[in-house]
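>>> this one's sequence-less:
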């Protein structure tokens, strides 16, 4: 999943033509890569933990729910911390929090403990939340204002690169080194095998912690360009004249983000368990983890393609077409078997690709001086990913394949939003940000 945009307005910076911003941009892109990489490691970690702790699908998806709950609880404290210590120090703190959580995962694996695992994943996700809120404003101001869009596309591509590589990393170092990951189909592990499998998590998370710590040191010592004064907010009296709730595109956009995240996270988290089933592809978890790369690769391709398409066609119409495509492939996933069901689930990544950024931009359209507040509400809606536990419950009670009907229903809401909910009402003049 692409990192959400900061809820604060982009800070203004005075551009110095003589300043070289390339190194700073490359460093910032590495942050996008890392949080995309670490987030998607969860997709290989979940089936692994399901075997180690003998979890139900509800308990398995609860792990990802804890991850997204961190977005809800950590976003406001992150903003306050940035206001107090600044953006650069906040990036360093975010990376160190993530590194601490990664080291904590080695403790959880050594015990092993399901509860400690949940706590440490919450810690890592909280660090990512801080990192996102701190890094996004920099991307908007580092370099020439006229190339800001190009820079944002670049870092989003790096985020996608991280999501593509993470499944291969997890499949090789976690699933490939465990009994549960290399066994054909579901397997019941002995106590000794569970302990050995749990400890296979130690090496990859130690490596992650080392990389995060090194990156924190580099950023702490790197002369990032100075940030100018934040853009001036409209005075309170002016803002009192307007109401967020009179803007239909925002009112329906908040649940659209919330519901879309249920679909995206549900597909990614249950993908390995689904394609490993005998009636689908009959793969080991390690082999299925490699196919997960195609799902995230489709999202990267879709972002580039969607960006080009939306230069010629209305964004709402493009979103509608992609949501129809997603709905169709999810029905194919539910009602077929074998390679067709597997590849249709992979294909949904292509159709999901443009949904988050397109819903976001349609949601803040015409908000004018209310743009900051509207953006904040849309970002808070990312916590919808926590409700993936609902799909876990459906999988336990009605079957894993049938549970993807929830995903199909989510696509229908996105279609509704694209065709009607995203239409602006009471549009205000766009807010101007000087650079």
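That came through fine. All of these numbers come straight from a predicted model, not from anything done at the bench.

>>> what comes up buried for the one helix or strand residue 103 maps to?
Following DSSP states H and E, one finds residue 103 within helix 87-110. Applying a neighbour-count criterion of 16 or more other CB atoms under 10 Å, one finds 87-88, 90-109 buried in helix 87-110. All C-beta atoms are positioned from the backbone trio N, CA, C, and that covers glycine.

>>> From the contact counts, what lies against the very next helix or strand once past that helix?
With elements assigned by DSSP H and E, the helix or strand that comes after helix 87-110 is helix 114-141. With contacts taken as 3 or more CB pairs under 8 Å, 6 or more residues apart in numbering; DSSP states H and E, helix 114-141 sits against helix 22-53, helix 57-85, helix 87-110, helix 148-170.

>>> weakest of those helices by average pLDDT?
Lowest mean pLDDT within these: helix 148-170, a mean of 68.

>>> got the contact list for residue 116?
104, 107-108 (CB atoms under 8 Å, 6 or more residues apart in numbering).

>>> And residue 72, by the same measure?
By CB under 8 Å, 6+ apart, the residues touching residue 72 are 380, 383, 386.

>>> how about a cut-off of 10 Å?
129, 379-384, 386 (CB atoms under 10 Å, 6 or more residues apart in numbering).

>>> The closest residue to residue 118 other than its chain neighbours: neighbour count?
Counting by CB to CB, 6 or more residues apart in numbering, residue 66 is the residue found nearest to residue 118 once chain neighbours are left out, at 4.9 Å. Using other CB atoms under 10 Å, residue 66 is surrounded by 18 other residues.

>>> and residue 66, how far is that from residue 263?
Taking CB to CB, to the nearest Å as the measure, residue 66 falls 19 Å from residue 263.

>>> hmm, back to that, make TSV from the contacts of residue 116 and add distance to residue 24 to it.
What follows is the contacts of residue 116, written out as TSV (distance: CB to CB, whole Å):
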residue	distance to residue 24
104	31
107	35
108	35
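
>>> Let me know the closest of the residues you listed to residue 51.
For residue 51, the closest of the contacts of residue 116 turns out to be residue 108, at 15.2 Å, with distances computed as CB to CB.

>>> Hmm, that closest one is touching residue 124, no?
No. If you go by CB atoms under 10 Å, residue 108 and residue 124 don't touch, sitting 11.4 Å apart.

>>> So for those two, which residues contact both of them?
Taking CB under 10 Å, 6+ apart as the contact rule, residue 108 and residue 124 both touch residue 205.

>>> And for residue 425, nearest residue in space, chain neighbours not counted?
Closest to residue 425 by CB to CB, 6+ apart is residue 248, at 4.4 Å.

>>> what does the model give that neighbour for pLDDT?
Residue 248 is assigned a pLDDT of 93 by the prediction.

>>> how close does it sit to residue 366?
Taken as CB to CB, the span from residue 248 to residue 366 is 10 Å.

>>> quick one: common contacting residues for these two?
Common neighbours of residue 248 and residue 366 (CB under 10 Å, 6+ apart) are 423-426.

>>> any chance of these in JSON lines, plus neighbour count?
Below are the shared contacts of residue 248 and residue 366 laid out as JSON lines (neighbours: other CB atoms under 10 Å):
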{"residue": "423", "neighbour count": "16"}
{"residue": "424", "neighbour count": "15"}
{"residue": "425", "neighbour count": "11"}
{"residue": "426", "neighbour count": "14"}
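
>>> now, which of the residues you listed sits nearest residue 252?
residue 423 (9.2 Å).

>>> can the helices and strands packed on helix 114-141 go into TSV with extra columns for distance to residue 401?
As requested, the helices and strands packed on helix 114-141 are exported to TSV (distance: least, CB to CB, whole Å):
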stretch	distance to residue 401
helix 22-53	16
helix 57-85	12
helix 87-110	31
helix 148-170	21
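
>>> which stretch among those comes nearest residue 399?
Of all the helices and strands packed on helix 114-141, helix 57-85 sits nearest to residue 399, with 9.9 Å by CB to CB.

>>> Buried residues, that closest one. List them.
For helix 57-85, burial by neighbour count (16+ other CB under 10 Å) applies to 57-72, 74-75, 78-79, 81-82.

>>> how much does that helix deviate in direction from helix 22-53?
Helix 57-85 and helix 22-53 are oriented at 150 degrees to each other (axes from the mean of the first three to the mean of the last three CA atoms, to 10 degrees).

>>> what's the neighbour count on residue 86?
With other CB under 10 Å as criterion, residue 86 counts 12.

>>> Is it correct that it is in contact with residue 134?
Yes. Judged on CB under 10 Å, residue 86 makes contact with residue 134 at a distance of 8.8 Å.

>>> Identify each buried residue in stretch 113-128, please.
Buried, per 16+ other CB under 10 Å, within stretch 113-128: 114, 116-118, 120-128.

>>> How far does that stretch sit from its chain's centre?
Relative to its parent chain, stretch 113-128 has a centroid offset of 16 Å by CA atoms, centre = their mean, to the nearest Å.

>>> Next: stretch 278-298.
20 Å.

>>> Same check on stretch 79-98?
20 Å.

>>> Then stretch 412-420?
Taking mean C-alpha positions (CA atoms, centre = their mean), stretch 412-420 and its chain are 21 Å apart.

>>> Give me the mean pLDDT for that stretch.
97.

>>> which residues sit against it?
Stretch 412-420 has contacts (CB under 10 Å, 6+ apart) with 248-249, 252-253, 255-260, 262-263, 314-324, 326-327, 330, 351-352, 355, 358-359, 362-363, 421-423.

>>> and with 7 Å instead?
The contact list for stretch 412-420, computed with CB atoms under 7 Å, 6 or more residues apart in numbering, reads 252-253, 256, 259-260, 316, 319-320, 323-324, 327, 355, 359.

>>> Keep only those of these that are in helices.
Using DSSP state H, the subset of the contacts of stretch 412-420 located in helices is 253, 256, 259-260, 316, 319-320, 323-324, 327, 355, 359.

>>> Of the residues you listed - the most surrounded one?
Going by other CB under 10 Å, residue 256 tops the ones in helices among the contacts of stretch 412-420 with 31 neighbours.
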